[in-house]
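Undergrad: the following block contains a protein sequence and its predicted model.
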Amino acid sequence: MKRPTIALLAAAAVVCVACSDTLTVEPPKAPAPVLSTTGVVVGTETRITTDPAAQSMPAISGDRIVWRDTRNGNNDVYMYDLATRTESRVTTDPGQQNYPRISGDRIVWYCAGCGDDLWNTYVYDLATQTQSRINTRDGCEWHAWPAISGDRIVWNGFTELGPCAILLYDVRTRTETQITTDQYNQSSPAISGDRIVWQDGRNGAPDIYMYDLATQTETQITTDQYYQSRPAISGDRIVWQDGRNGASDIYMYDLATQTESRITTDPADQGIAAISGDRIVWQDYRNGASDIYMYDLATRTESRITTDPAMQVFPEISGDRIVWQDYRNGNWDIYLYEVSAILLACHQPLWALLDQFIADGSIRNRGIGEALQAFLRQLGAACERGDAAAAQRILEHIISFVGGQSGRGISPEAAQALTNAARTIISNGCCCS
């Protein structure tokens with residue numbers, strides 16, 4: 001029989017401080033390959049919200065960020081558009097709007113007390129500026145925790161006894177479909193294209209299951225005896241939090257290769273994972289309070305995104321952009337991190353020297369420093385796409401460029417140190433392989 005871990009229960013209790021209504025975060029579930037190499041991420045962090053009320057539960061799709069906001073005395077949904085740099089209020093109902101998610105032009109959320117005493121799920125279309133209630137079935141009394149991918153929305157149906165089904169609504173056909181029929185609890189749905197994943201209690205404690213709308217087949221993804229919960233999906237890849245090692249770890253299953261991999265190995269708790277393409281983010285307790293970490297599948301590097309000693313929780317990711325809720329200002333705010341490059345462990349000494357020589361004036365011209373930073377970002381990008389030959393060409397170009405500036409824009413001592421560091425990376429395989 002599956003058993004929860006005390007450490008994970010404690011982590012879940014801390015996380016739920018962020019919620020004004022209770023978010024049930026259950027403790028998650030053959031040895032799997034471990035994917036672990038330390039890296040450093042280069043990018044820009046931005047504070048998105050500044051209102052002294054609480055902003056929480058962010059989601060992101062492209063240029064748009066949505067969140068739950070208490071500035072009006074209830075829970076509303078707000079949005080920030082990175083392209084236009086404008087914030088807008090999405091909902092005005094006096095009820096409690098919660099857990100907004102976004103995909104393209106569509107925002108979904110559930111509302112407690114919007115028109116009746118039950119929980120209902122809504123969608124707002126930014127293109128048409130129209131709002132609709134999408135749940136219609138009477139078999140489930142409450143409808144909450146939605147997820148969206150394109151035209152399709154999934155959510156949890158609930159009764160007084162707990163979760164009753166995973167439901168699907170197709171915006172294009174305006175049809176609602178019940179996905180799960182098993183009598184045990186299914187919850188925490190996520191969707192990407194034709195594939196829906198959720199945590200499922202039919203085997204005693206949560207496993208991860210998937211339903212493929214294209215093939216109309218249901219598949220059990222995890223079989224380990226411990227807890228697996230809170231899945232997320234992007235394309236062929238499913239991630240979840242997993243209790244098989246005592247504390248909570250992040251695991252991944254690749255549908256294309258039919259392989260399961262362990263993503264995190266630190267003995268602290270890691271949970272609430274999200275994924276977009278090659279990048280996985282999660283909240284991590286290894287430093288005491290929760291931080292946001294990222295793993296890049298292309299470069300096999302794990303990077304720490306946040307370093308502030310306050311709590312950062314509930315990360316979401318879309319491409320190069322990561323959002324989370326952050327308590328560093330004494331209330332919950334929404335923050336954004338935009339990834340510009342990922343540094344492999346063997347590249348870090350060269351970056352450190354570059355930063356040092358820019359700071360101490362050994363690199364005498366600002367343009368030279370910026371050019372070298374650009375070369376190093378190109379190096380990281382080449383390794384991220386697995387192009388070691390391009391990485392070597394970039395390193396050789398750095399050596400040539402630095403040599404040409406030695407004694408002119410760069411002091412001879414700094415030029416020699418940079419050259420030696422670049423040659424060391426080449427000798428180590430360019431991409432730390």
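TA: That came through fine.

Undergrad: so residue 310: helix, strand or coil?
TA: coil (DSSP: H, G, I helix; E, B strand; the rest coil).

Undergrad: ignore what I typed, I meant residue 264.
TA: From three-state DSSP, the assignment for residue 264 is coil.

Undergrad: and it, how close does it get to residue 276?
TA: 17 Å (Cβ to Cβ, to the nearest Å). Any C-beta I mention is one placed from the backbone N, CA and C, and that applies to glycine too.

Undergrad: is residue 291 in contact with residue 309, as I believe?
TA: No. Look at residue 291 against residue 309 with Cβ atoms under 8 Å: they stay out of range, at 9.2 Å.

Undergrad: looking at the two, which has the bigger crowd around it?
TA: Per other Cβ atoms under 10 Å, whichever of residue 291 and residue 309 has more neighbours is residue 291, with 23 against 11.

Undergrad: so who does the residue lying closest to that one once chain neighbours are set aside touch?
TA: Sequence neighbours aside, residue 306 is the residue nearest to residue 291 in space, at 4.8 Å (criterion: Cβ to Cβ, 6 or more residues apart in numbering). Applying Cβ atoms under 8 Å, 6 or more residues apart in numbering to residue 306 gives the contacts 45, 291-292, 312, 324, 326, 335, 337.

Undergrad: could you point out the longest strand in the chain?
TA: Looking across the chain with DSSP state E, the single longest strand is strand 333-344.

Undergrad: check which helices and strands that one is in contact with.
TA: strand 39-47, strand 55-61, strand 64-69, strand 291-296, strand 301-304, strand 321-326, helix 366-384 (3 or more Cβ pairs under 8 Å, 6 or more residues apart in numbering; DSSP states H and E).

Undergrad: where does the stretch 1-150 of the chain have low pLDDT?
TA: 1-40, 137-138 (pLDDT under 70).

Undergrad: please enumerate the strands of it.
TA: 39-47, 55-61, 64-69, 76-81, 86-89, 96-103, 106-112, 119-125, 130-133, 142-149 (DSSP state E, counting those that start in this stretch).

Undergrad: is residue 130 bridged to anything, and to what?
TA: residue 125 (DSSP bridges).

Undergrad: make a markdown table out of the strands of the stretch 1-150 of the chain and add distance to residue 377 and mean neighbour count.
TA: Output for those, formatted as a markdown table (distance: least, Cβ to Cβ, whole Å; neighbours: other Cβ atoms under 10 Å):
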| stretch | distance to residue 377 | mean neighbour count |
| --- | --- | --- |
| strand 39-47 | 7 | 16 |
| strand 55-61 | 22 | 25 |
| strand 64-69 | 24 | 26 |
| strand 76-81 | 26 | 22 |
| strand 86-89 | 29 | 12 |
| strand 96-103 | 29 | 24 |
| strand 106-112 | 33 | 24 |
| strand 119-125 | 37 | 21 |
| strand 130-133 | 42 | 12 |
| strand 142-149 | 31 | 24 |
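
Undergrad: out of the ones you listed, which is closest to residue 390?
TA: Of all those, strand 39-47 sits nearest to residue 390, with 18.3 Å by Cβ to Cβ.

Undergrad: and that closest one, what does it pack onto?
TA: Short answer (3+ Cβ pairs under 8 Å, 6+ apart): strand 39-47 packs on strand 301-304, strand 333-344, helix 348-360.

Undergrad: no further queries at this time; thank you.
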